[in-house]
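In: Give me the fold of what follows.
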Amino acid sequence: MRVYVDTSVFGGAFDAEFSNASEAFFSEVRSGRFRVAVSDVVVRELGGAPDRVVALYGELEGSLEILEMSEAALGLVRAYLAAGIVAERWRADALHVALAAASGCLAIVSWNFRHIVHFEKIPLYNGVNMTHGFGPLAIHTPQEMLHYEDQDKDV
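Out: Numbering: from 1, shown residues only. Here you go, the predicted structure:
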């Protein structure tokens, strides 16, 4: 399962509120359940991150797919901004979503509740994606991506 991971998930591994789910998600990444894509946007944003966040990224870097900026992703960003999904000030957040969608990732994983994992914004992003010829993108927190052993049992 190929998923895009934004910067907030790396930082979330060291945040008291998000660390358990982030660590569990990265454990599933290490086990091979997910193939993770990131972008140079993530790399740039990590430039100002605490050393332990950068170290976590470095530990996983060899198994990460680094997405390159594309005209398709830039077109989606322009469309997200024109649709008012996010303001220009939050262009980097729109870039994360656009890169995930344009590269064909199944999902984007994020702790960004304001501009990405937001119940009003998700259908708007996907409406723009589909209008521009891309499929819908699942947008979830790391916690929502975890596999639970009892999932396969009848309730």
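In: Helix, strand, or coil at Val36?
Out: strand (DSSP: H, G, I helix; E, B strand; the rest coil).
In: so what's it up against?
Out: By Cβ atoms under 8 Å, 6 or more residues apart in numbering, the contact list for Val36 reads 2-5, 29, 60, 63-65. The way it works is simple: take the backbone N, C-alpha and C, and place the C-beta from them, glycine included.
In: From the residues you listed, list the buried ones, please.
Out: The neighbour count (16 or more other Cβ atoms under 10 Å) marks 3-5, 29, 60, 64 as buried among those.
In: which of those residues lies closest to Phe134?
Out: Tyr4 (12.9 Å; Cβ to Cβ).
In: okay but that closest one is in contact with Cys105, surely?
Out: Yes - between Tyr4 and Cys105 there is a contact at 4.4 Å, judged by Cβ atoms under 8 Å.
In: any residues in contact with both of the two?
Out: Ala37.
In: returning to that earlier point: can you tell me which of the buried ones among the contacts of Val36 lies closest to Val97?
Out: For those, the nearest to Val97 is Tyr4 (8.4 Å; Cβ to Cβ).
In: other SSEs contacting the strand or helix carrying the closest one?
Out: Element membership for Tyr4, per DSSP states H and E: strand 2-5. The criterion is 3 or more Cβ pairs under 8 Å, 6 or more residues apart in numbering; DSSP states H and E, and the helices and strands that strand 2-5 contacts are strand 35-39, helix 91-102, strand 107-109.
In: gap between the very next helix or strand once past it and the chain center?
Out: Using DSSP H and E, the next helix or strand after strand 2-5 towards the C-terminus is helix 7-12. Centroid separation between helix 7-12 and its chain, computed with Cα atoms, centre = their mean, to the nearest Å, is 9 Å.
In: Go ahead and produce CSV holding the CA coordinates of the helix or strand following helix 7-12.
Out: For helix 7-12, the following helix or strand on the C-terminal side (DSSP H and E) is helix 19-30. The C-alpha coordinates for helix 19-30 follow below in CSV (Å, rounded to 0.1, in the frame of the first residue of the first chain):
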residue,chain,number,x,y,z
SER,A,19,3.4,9.6,19.7
ASN,A,20,1.7,6.2,20.3
ALA,A,21,-0.2,6.2,17.0
SER,A,22,2.8,7.6,15.1
GLU,A,23,5.2,5.0,16.5
ALA,A,24,2.7,2.2,15.7
PHE,A,25,2.3,3.6,12.2
PHE,A,26,6.1,3.7,11.6
SER,A,27,6.3,0.2,13.0
GLU,A,28,3.9,-1.0,10.3
VAL,A,29,6.0,1.0,7.8
ARG,A,30,9.1,-0.9,9.0
